[in-house]
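A structural model of the following input is requested.
(chains A and B)
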Amino acid sequence: MFNQKRLKFTFLSFFILLVFILFDIFQLQTSEFLSSSEIIDQQNLDKFYITAPRGEIFDVNGEKLAESKLEPYLFLNMRKITSQNSSEYRQIIQYNFPELTNLEINEIFESKEILKLVTNLYSVEYEIRNNILNNFDAFLIIDLPVRSYIKNELFAHTIGYIGLPNQEDYEEFKNSLGNNQVGKNGLERYYEDYLSGIPGELIFLGSDIIDSKQPIPGGDLFLSMDSSTQYVTKESLQQGIDLANKSFESINEIKRGASVVLDIETGNIVSMVSLPDFNPNKFVSGISDFEYKQLDRDQAFNNFAIQGLYPPGSVFKVVAYWLALSENIFPEGLSNRDSKVDCVGSLSFGFVDGSKQVYNDWKLEGHGKVDLTDAIKQSCNVYFWDIALNIWRNFGNTEGESILQEYSKELGFSKKTNIDLPFEKVGIIPDRDLFEEWKISRPGLVRDEGWLGGDLMNLIIGQGAITTTPLQVANAYRTLLTGENLSPTLNVNAEKIINNKINVSDEFISFLLNDLNTVTNEGGTAYVSFSILGNKANDIGGKTGTAQNAGDKNNTSWFVGVDSVSDPKYIIATVVDEGGSGSAVAAPVSRRIIQHLRKYELTPVKFGEITE
Amino acid sequence: MINRKITILGPEGTNLYILLQFLLFSVISWFTLFSSIGSIEFETTNILSRQIVFSLIGLSVFFLTTYLSIENLYNLINPLFILSISVLSGLLFTTPILGVRRWYDLEPIGIPIFIQPSEFSKIILVLFIAKILSQNSYKLIFIMGVLINLLLIFIQPDLGTTVLLLLVTFFMFFISDIKLRSTVLGLLIFFLLFFILLEMNFIGDYQISRITDFFSGDDFSQNQSRLSISSGGLFGTYFTNLQVTEVFVPVQTTDFIFSLFLRNFGFLGGFLLLSLWVLFFFRVNRIIKLTQIEFEKYLLSGLLILLGVQIFINLLTILGFIPLTGIPFPLLSLGGSSIFSTAIIFGLINRVFIENNIVV
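Below is the predicted model:
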């Protein structure tokens, strides 16, 4: 039978116990409050952080690009070193690790840290390790991760590198303090919080370890990049740069360039190369000051694909192409894409004040009768100047005069593409407001009259104050072919962000592809560079660009290609800084990358035709 | 038995008081854990987001348990007990984690948690004893069953849970009409067994060191725990002081969470939280008096005793009165198994309530 009385008795005893406990807590929290606070203040528990292994990085085929291997390191517990045993420990270190200099050993014994790193035990025999550990209790072995970049230079700019955190890094990344390393650039920085892992802890009370927490490794990163395409891209770009050096008498040595391959459907980056590059492994083992300065002088740390700002030249003409067809603005007197202007190699036009100005096309003898297709195919400046003049005459000095700029911005120019890489640059799309601003902030840069029709004519052919990054250009072409301006990504698991959508009809896209196709075929500016492909060039498209630079600088060589016009998969954008004509240098570089993408036989980069 | 209408919240709803109590304790746990890590990110490594997920699963466990009628439960007890014994025996064949065989690691099948079967077997033991007592049949085989259960937990080894279950068994037999003498005798026999096993080196070194450390008075974590409690003062540090000196207490989020709670919310917070538990005991005790069914009386008393003894062992540990045991504070400590088992206890109590038509 259930005994209610005994239950009552049980609960009553529970209650008495509870009162007793509450009384003890009360006493602890009132009368002992002050003395405890004092003890807590004096208690010096120290934490020693153990670096967590960073997440590893893989390419699209699962090939490892960056890894973190654990290697054993010998530490000395400085709190267990006394004046009596210090000479004994010194001898042991000298005897077992003869590679350490006296200076380094002195430094160890003068250290104020709790645990002082002695040496890497990776190549030290197991018996020695064991012997040291068992007989001398101030020694301690901790496994620490060592980062290595398996492909060396190949992914230097995209993966980036790690280094010791500075003050700003400490504030931005909460794990960097304990990890003693932080992503300095590239994906290593962009995904720092994800890759870093959480450092482990050793808690010291005096000289004893009273508790420990294991480090938690960071997450792995899977990229959309393809190692073989990356390799071919780099090789081709290097060949293009060497070729340009051989072919032109440039004042400066030509060494900079960038090339990007963008997947049209997904916006994934397949390859991204910037030259010159560097070996990120040098940062792991410590780079010499001399070497660093030399690389820095060559701008090797810049990822020109997202940080190089170049006038785009004729590759920018697709913006006006899109504008012309969307707004039905053609050269004055023309009503559709098939009507022609007569290009005589120059354009002269009058201003309101009566003065006349003459603009010369790159082809002084002229292109003859050209329609919109021919204007792209032969890169005829006069046709596009006529469009600019038409805009200027209709909308000049009104709200509508910035229509070209608005179309540019829809395609992502002068904005970040928001690729998952840090330190991206935005470039410039000039307009009246910007020139007014510059009059104040950068006097002497622009003339007193401010924004004029001539500036618009410059802009429409990608010249003048305009600057863009190679990735922006690639992404703009992608936007025109898909209708959505998507942020390109390297991490396959990154969220796809649509920046904006544009209105392009299927008809427009097929027109554009067709017209880009004429560029690489007979009569087009890139024909010579692609003729080596024979019939296969029939399916390829692109646009050349040769942008003039101020001063003595050689022209910037551009080519934006589409691997196939019947089934477009990739956009390839290539820039060779001071590389001269786009059709001569950047076009054959892109051609070789397309050969790889389409699995054709690779042929060396060969000098093309000098056009614009 | 009346046919009950099934609703989303269980048959004929749920007792609001029990549900509220469960939710309140969960939320208090979240706040306490938040103070320990200071941030929440939805990752499996973040203890707070883990706990929130555990609490939410716990809530559904609570509702699911409510669907089981007491009659069905009663018939299920013997199979459940056999299952419990088998699962506990299965542990003997696992690889030890931290030197003990106490958990099943679910990582290999893709769930990043450890299951601690003894958390659930203790409820089943209470059910089993409640059944023995209500049948008033003290067959030897039943008593042997109870002893085997205790022994399986003892050899994991899990001294804390063994002592917990020993006390629960003792109190449950005590509240039946069984002669007081035999209950006390049973307890004595078990303690004798304990010291024999101790002599035979059956108990791990670390457990001995826990006990000897305790009597030499230098257990580091308990000293730190007392310091931590003390630093809370009357009103705690949660709302007043943002920049406090850290007091380091090992396993502060699991076994020592109440010391963290007392540090954050002070004596006032501790008093309120414990009062909530007293209120809970009063409320359930009223139903024990009200119900006419012997089994329900034993069940409710058994579950209350289980909760009560757990809380006391935990409190006495963090205050340093008894050696380290590893018994979590119900619903406050971090850990899935503990939350789920407490959710089952609440669900069972809830079922008895609604079968007696008490829904508020």
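
can you give me phi and psi for the residue lying closest to residue A:436 once chain neighbours are set aside?
Excluding the flanking residues, the one nearest residue A:436 by Cβ to Cβ, 6 or more residues apart in numbering or on different chains is residue A:450, at 6.0 Å. All C-beta atoms are positioned from the backbone trio N, CA, C, and that covers glycine. Phi and psi for residue A:450, reported as degrees, to the nearest 10, are phi 80, psi -150.

try residue A:208
phi -100, psi 140.

so which residue of chain B comes closest to chain A?
With Cβ to the nearest Cβ as the measure, residue B:230 is the residue of chain B nearest to chain A, at 3.5 Å.

tell me how far residue A:498 lies from residue A:474.
According to Cβ to Cβ, to the nearest Å, residue A:498 stands 17 Å off from residue A:474.

settle it for me: which of these two has more neighbours?
residue A:474 (29 against 10; other Cβ atoms under 10 Å in any protein chain shown).

hmm, residue A:259 and that one touching each other?
No. Taking contacts as Cβ atoms under 8 Å, residue A:474 lies outside contact range of residue A:259: 9.4 Å.

anything in contact with each of the two?
Residues touching both residue A:474 and residue A:259 (Cβ atoms under 8 Å, 6 or more residues apart in numbering or on different chains) are A:572, A:573.

pretty sure residue A:247 contacts residue A:608?
No. Here residue A:247 does not reach residue A:608: they are 10.2 Å apart, not a contact under Cβ under 8 Å.

of those two, which one has the most company?
A count of neighbours by other Cβ under 10 Å puts residue A:608 above the other of residue A:247 and residue A:608, at 28 against 16.

so is the more buried one in a helix, a strand, or just coil?
coil (DSSP: H, G, I helix; E, B strand; the rest coil).

tell me how many other residues surround residue B:112.
Quick note: residue B:112 (other Cβ under 10 Å) scores 10 neighbours.

quick one: whatever residue of the stretch 51-200 of chain A ends up closest to chain B from residue A:235, how far?
For the stretch 51-200 of chain A and chain B, the shortest gap (Cβ to the nearest Cβ) falls at residue A:198, measuring 7.0 Å. Taking Cβ to Cβ as the measure, residue A:198 falls 40 Å from residue A:235.

likewise residue A:307?
When residue A:307 is compared with residue A:235 (using Cβ to Cβ), they lie 22 Å apart.

next, count neighbours for residue A:357.
Quick note: residue A:357 (other Cβ under 10 Å) scores 12 neighbours.

just to revisit the earlier point, does anything pack onto the helix or strand harbouring the residue of chain B closest to chain A? Which helices or strands?
Taking DSSP states H and E as the criterion, residue B:230 maps to helix B:220-232. The contact analysis (3 or more Cβ pairs under 8 Å, 6 or more residues apart in numbering or on different chains; DSSP states H and E) places helix B:220-232 against helix A:4-30, helix A:33-42, helix B:257-290, helix B:294-318.

quick check: buried residues in it?
B:221, B:222, B:224, B:225, B:226, B:227, B:228, B:229, B:230, B:231, B:232 (16 or more other Cβ atoms under 10 Å in any protein chain shown).

okay, now the closest residue to the second one other than its chain neighbours: neighbour count?
Counting by Cβ to Cβ, 6+ apart, residue B:320 is the residue found nearest to residue B:222 once chain neighbours are left out, at 4.0 Å. When neighbours are counted by other Cβ under 10 Å, residue B:320 registers 18.

and if you look at residue A:166?
Residue A:166 is flanked by 11 other residues according to other Cβ under 10 Å.

quick one: residue B:127 and residue B:299 touch, right?
Yes. In this structure, residue B:127 is within contact of residue B:299 by Cβ under 8 Å, at 6.9 Å.

the two: who's more crowded?
residue B:299 (27 against 24).

and for the more buried one, nearest residue in space, chain neighbours not counted?
Spatial nearest neighbour of residue B:299, chain neighbours left out: residue B:130 (4.6 Å); criterion: Cβ to Cβ, 6+ apart.

residue A:417 now?
Distances taken as Cβ to Cβ, 6+ apart put residue A:475 closest to residue A:417, at 5.1 Å, once the chain neighbours are dropped.

that neighbour sits in which helix or strand?
Going by DSSP H and E, residue A:475 is part of helix A:470-482.

and that helix, what does it pack against?
Packed next to helix A:470-482, using 3+ Cβ pairs under 8 Å, 6+ apart, are strand A:257-263, helix A:304-307, helix A:317-327, strand A:484-486, helix A:506-519, strand A:556-562, strand A:570-576.

what are the boundaries of the strands in chain B?
Assigned by DSSP state E, chain B shows strands spanning B:6-7, B:10-11, B:104-105, B:114-115.

ramachandran coordinates for the residue in the stretch 501-612 of chain A that chain B sits nearest to?
When scored by Cβ to the nearest Cβ, the stretch 501-612 of chain A has residue A:501 as its residue closest to chain B, at 30.3 Å. Geometry field for residue A:501 lists phi and psi as phi -110, psi 150, criterion degrees, to the nearest 10.

tell me which residues in the helix holding residue A:475 are buried?
A:470-482.

before we move on, what about stretch A:171-183?
Buried-residue list, stretch A:171-183, by 16+ other Cβ under 10 Å: A:173, A:175, A:176, A:178, A:179, A:181, A:182, A:183.

that one near chain B at all?
No. Judged by Cβ under 8 Å from any Cβ of the partner chain, stretch A:171-183 stays clear of chain B, getting no closer than 8.5 Å.

mean confidence for that stretch?
Taken as a whole, stretch A:171-183 carries a mean pLDDT of 85.

now do the SS call for residue A:70.
Residue A:70 ends up strand, using three-state DSSP.

nearest spatial neighbour of it, chain-adjacent residues omitted?
Spatially, and ignoring its direct neighbours in sequence, residue A:70 is nearest to residue A:143 (4.3 Å; Cβ to Cβ, 6+ apart).
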